[in-house]
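Asks: Build me a model from this:
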Amino acid sequence: MEHFTAFDGSDIAYLDEGVGRVVVLLHGFASDHRGNWVTPGVVAALVAADRRVIAPDARGHGLSSRPHDPESYGDNAMVKDVMTLFDNLGVQELDLVGYSMGSLVAASVATRDARVRSLVLGGVGGHWTGELRPQDGNAIADALETDDPSSIDHAIPRAFRAFADRTGSDRLALAACQRSGRGEPVDLALIDVPTLVLVGDSDTLAGPPEPLAARIAGACFEIVHGTHLSVAADPAFTSHLVSFVNEPR
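Replies: Just a heads-up that it's a prediction; the model follows:
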């Protein structure tokens, strides 16, 4: 893993593997570069397709700094981290891929940074209209902080708590992330690069991809098999992703 220092002194870790045109992968909430991209085989498939893959751990996750203060995640901090990563890499053009939380960040970056040549938004669909924290963050934070997981009443917070426990995440860092507003909503109409919306057929958290694709000029969508937490393991997810970023532009 490589590292760089973010705008506020946070340490951001990232994987840098392969040779070729750059693809940057942004993982989902409570996951990290390994769980979201390495284990399902996405990194290996991209490297085999002659791409250089950059996959950071977002602040609060994985091997990056994990602050417990919600203010550390506000004011578009994750968006700034990604653009600082681009600066440190010295790349002039790249394909940007996100999953769930990573897609929210990726979409915001795509409206701000001309180095993005294409965009893949995985794990988001018609339920998302541009907010950087689309779910009830305080309810999820409460679920992450409680000492008694059996006391969690609602399905989505309970699922995120179980996922965080399963991945061995820093629950207090994740709770701080959820208590932060994170930043300004994304104006989806400003996305002007080729975009793929990629969603699982049983992903009730994301919703159907068609309404989101319709909000982004020229976007296309694909539906593969899986839930919000399992879809990246479907080989079709990786296949569509690799094919899209490798289209000639």
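
Asks: My guess is G200 contacts A206. True?
Replies: Yes: applying C-beta atoms under 8 Å, one finds G200 in contact with A206, separated by 7.4 Å. C-beta here means a position set from N, CA and C on the backbone, and glycine is covered the same way.

Asks: what touches both of these two?
Replies: G123, H228 (C-beta atoms under 8 Å, 6 or more residues apart in numbering).

Asks: quick one: least confident helix or strand in this structure?
Replies: Every helix and strand in the chain was compared by mean pLDDT, DSSP states H and E; the lowest is helix 155-167, with a mean of 91.

Asks: where along the protein do the helices fall?
Replies: For the chain, the helices defined by DSSP state H cover 33, 42-48, 77-89, 101-112, 137-145, 155-167, 171-179, 210-215, 235-245.

Asks: Just say which of those helices is most tucked in.
Replies: Highest mean neighbour count among these (mean count of other C-beta atoms under 10 Å): helix 33, with a mean of 28.

Asks: starting at the chain centroid, how far to that one?
Replies: Remark: helix 33 is offset 10 Å from the chain centroid, using C-alpha atoms, centre = their mean, to the nearest Å.

Asks: now it: mean pLDDT?
Replies: The average pLDDT for helix 33 rounds to 98.

Asks: I'd like to know which elements it is packed against.
Replies: Of the remaining helices and strands, none touches helix 33 by 3 or more C-beta pairs under 8 Å, 6 or more residues apart in numbering; DSSP states H and E.

Asks: what does it rub up against?
Replies: Applying C-beta under 8 Å, 6+ apart, the contact partners of helix 33 are Y14, L15, L25, H27, A55, P56, D57, G62.

Asks: Would you format the residues you listed as CSV with pLDDT, neighbour count and distance to V79 included?
Replies: Formatted as CSV, the contacts of helix 33 follow (pLDDT from 0 to 100; neighbours: other C-beta atoms under 10 Å; distance: C-beta to C-beta, whole Å):
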residue, pLDDT, neighbour count, distance to V79
Y14, 98, 23, 16
L15, 98, 21, 20
L25, 98, 27, 16
H27, 98, 29, 15
A55, 98, 27, 17
P56, 98, 29, 12
D57, 98, 25, 16
G62, 97, 25, 18
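
Asks: so I54 touches V23, yeah?
Replies: Yes: using C-beta under 8 Å, I54 is in contact with V23, at 7.1 Å.

Asks: Quickly list what's touching both of these two.
Replies: Counting by C-beta under 8 Å, 6+ apart, the residues touching both I54 and V23 are L94.

Asks: Please name the nearest non-neighbouring residue to the most centrally placed residue in the chain.
Replies: Centroid-nearest residue in the chain: G102, 1.4 Å away (criterion: C-alpha atoms, centre = their mean). Leaving out its chain neighbours, the residue that sits closest to G102 by C-beta to C-beta, 6 or more residues apart in numbering is L26, at 3.1 Å.

Asks: quick one: contacts for that neighbour?
Replies: So L26 contacts P56, A58, V82, L96, V97, G98, Y99, M101, G102, S103, V105, A106 (C-beta under 8 Å, 6+ apart).

Asks: could you redo the last one with a cut-off of 6 Å?
Replies: G98, G102, V105, A106 (C-beta atoms under 6 Å, 6 or more residues apart in numbering).

Asks: Specify which member of the residues you listed is nearest to A236.
Replies: Of all the contacts of L26, A236 sits closest to G98, with 18.0 Å by C-beta to C-beta.

Asks: out of everything not next to it in sequence, what's closest to the closest one?
Replies: Of all residues not flanking G98 in the chain, A106 sits nearest, at 3.3 Å (C-beta to C-beta, 6+ apart).

Asks: close enough to count as contact, the one you found and Y99?
Replies: No: counting by C-beta atoms under 6 Å, A106 does not reach Y99; the two are 8.8 Å apart.

Asks: Just read off the phi/psi values of G62.
Replies: phi 60, psi -130 (degrees, to the nearest 10).
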